[in-house]
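Q: show me the folded form of this:
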Amino acid sequence: DNVHVLDCPPMAVANVAWAFAKAHIQDTSAVDALLHEARRQLPRLEFASQDLSNLTWAAATVSLKHPAVDEMTAYMGQYLWDASQPVMEPQHVENVVWALA
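A: Numbering: from 1, shown residues only. From the prediction side, this is the model:
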């Protein structure tokens, strides 16, 4: 059987999207499906900053414009200002800023 994106936890969604982009696989439909799942999971706040960073970087790398990227970016902005969250690594912030450029 095929693995369905809906069966994947947030880290797996982010890692697979990152791997597609890192390997220069220009399958925007696969990255699009992963971003749809990320967008579905985002309200539950299950993504770590690295997961969000990897997803936004992957979308930008395959030149995919997706509403989930805007939502993840907004979430990361809130994350940065939330004192109860762990400090976000500079590399994660850098990846998101690069993705938005």
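Q: how about W18, nearest residue that isn't a chain neighbour?
A: Counting by C-beta to C-beta, 6 or more residues apart in numbering, W18 lies nearest to N54, which is 4.0 Å off, once chain neighbours are set aside. All C-beta atoms are positioned from the backbone trio N, CA, C, and that covers glycine.
Q: just give me the neighbour total for the one you found.
A: The tally of other residues near N54 (other C-beta atoms under 10 Å) stands at 27.
Q: what mean pLDDT does the helix or strand hosting it have?
A: Under the criterion of DSSP states H and E, N54 resides in helix 49-61. Mean pLDDT, helix 49-61: 82.
Q: quick one: contacts for the residue nearest in space to the middle of the chain?
A: In the chain, the centroid-proximal residue (C-alpha atoms, centre = their mean) is L55; its distance is 2.2 Å. With contacts defined as C-beta atoms under 8 Å, 6 or more residues apart in numbering, L55 is in contact with 13-14, 17-18, 34-35, 38, 47, 68-69, 72.
Q: what packs against the lowest-mean-pLDDT helix or strand in the chain?
A: Taking mean pLDDT, DSSP states H and E as the measure, the chain has helix 67-81 as its least confident helix or strand, at a mean of 73. Using 3 or more C-beta pairs under 8 Å, 6 or more residues apart in numbering; DSSP states H and E as the contact criterion, the neighbours of helix 67-81 among helices and strands are helix 28-41, helix 49-61, helix 90-100.
Q: how far does it sit from its chain's centre?
A: Distance, stretch centre to chain centre, for helix 67-81: 10 Å (C-alpha atoms, centre = their mean, to the nearest Å).
Q: can you list the residues that contact it?
A: The set of residues external to helix 67-81 that reach it, using C-beta under 8 Å, 6+ apart, is 35-36, 38-39, 42, 45, 47, 49, 52-53, 55-56, 59-60, 85, 88, 92-93, 96, 99-100.
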